[in-house]
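K.L.:
Would you be able to build a 3D model of this:
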Amino acid sequence: MRPPERTRAAGVPVDPMPRLFAEFRDLLERHAAALATSDRIKAGLIVRVGYPRVTLPRDADGVRRYATDAATVTQAMPPGRGRQRLLHRLAGRQHRWDAAAREAGLLEAQLREAILDGAVLTAADSVLATPAWTYHAVGLKLMVLLSVHAPGPAAEATAPWRELRLILAGKSIAPRSLCAPRG
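P.N.:
Purely as a prediction, here's the structure:
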């Protein structure tokens, strides 16, 4: 293991973990904002244009079904005019959705969100790959691990995620927002 970075003046060890964690947290907040923007644009499109889907005939059990792609229409409908009408209607709705999405900036918002998501994962890898020299640094690494790699509510009571959350909850450095399960 290599020793921590040292300051030039005093030769005092400097733990890189707080700086790396701050960069990770900043990227995580920026990603959350980009995701919220994308969701807000999508919600506006749904109100303005509606879902880019078509209603399929009810199943034998009477359940209403929808198709958002041609393969689903083809699978659900026998060949003929009904299938062709649904495929034509679906193509028109998807075209209107795509045009409205371009106009509203949804594609740019989704690209921005995807870029920030990649940056968050890269920053997390950097934190996790950096040796921890203090208990505080171990706690920061644990927060990053849980915030990025925990599988979510479905597995919150399973090992090792439950135990890792309990360990982190016992540390005074853990903000409640990072101890809570993601999902």
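K.L.:
how about the strands in this structure?
P.N.:
Ranges of strands within the chain are 5-6, 13-14, 54-56, 65-67, based on DSSP state E.
K.L.:
what does the last one rub up against?
P.N.:
Contact with strand 65-67 is made by Y51, R53, V54, T55, L56, P57, R58, D59, V73, A76, L86, L90, as judged by CB atoms under 8 Å, 6 or more residues apart in numbering. C-beta: built from backbone N, CA, C; applies to glycine.
K.L.:
From H31, how far off is the third one?
P.N.:
Here the distance between V54 and H31 works out to 33 Å (CB to CB, to the nearest Å).
K.L.:
Compare these two and say which one has the larger neighbour count.
P.N.:
A direct count of neighbours by other CB atoms under 10 Å for V54 and H31 places V54 higher, at 23 against 20.
K.L.:
Quickly list what the more buried one is bridged to.
P.N.:
On the basis of DSSP bridges, V54 is bridged to A67.
K.L.:
contacting residues for it?
P.N.:
Residues near V54 by CB under 8 Å, 6+ apart: Y66, A67, V73, L86, R89, L90, R93.
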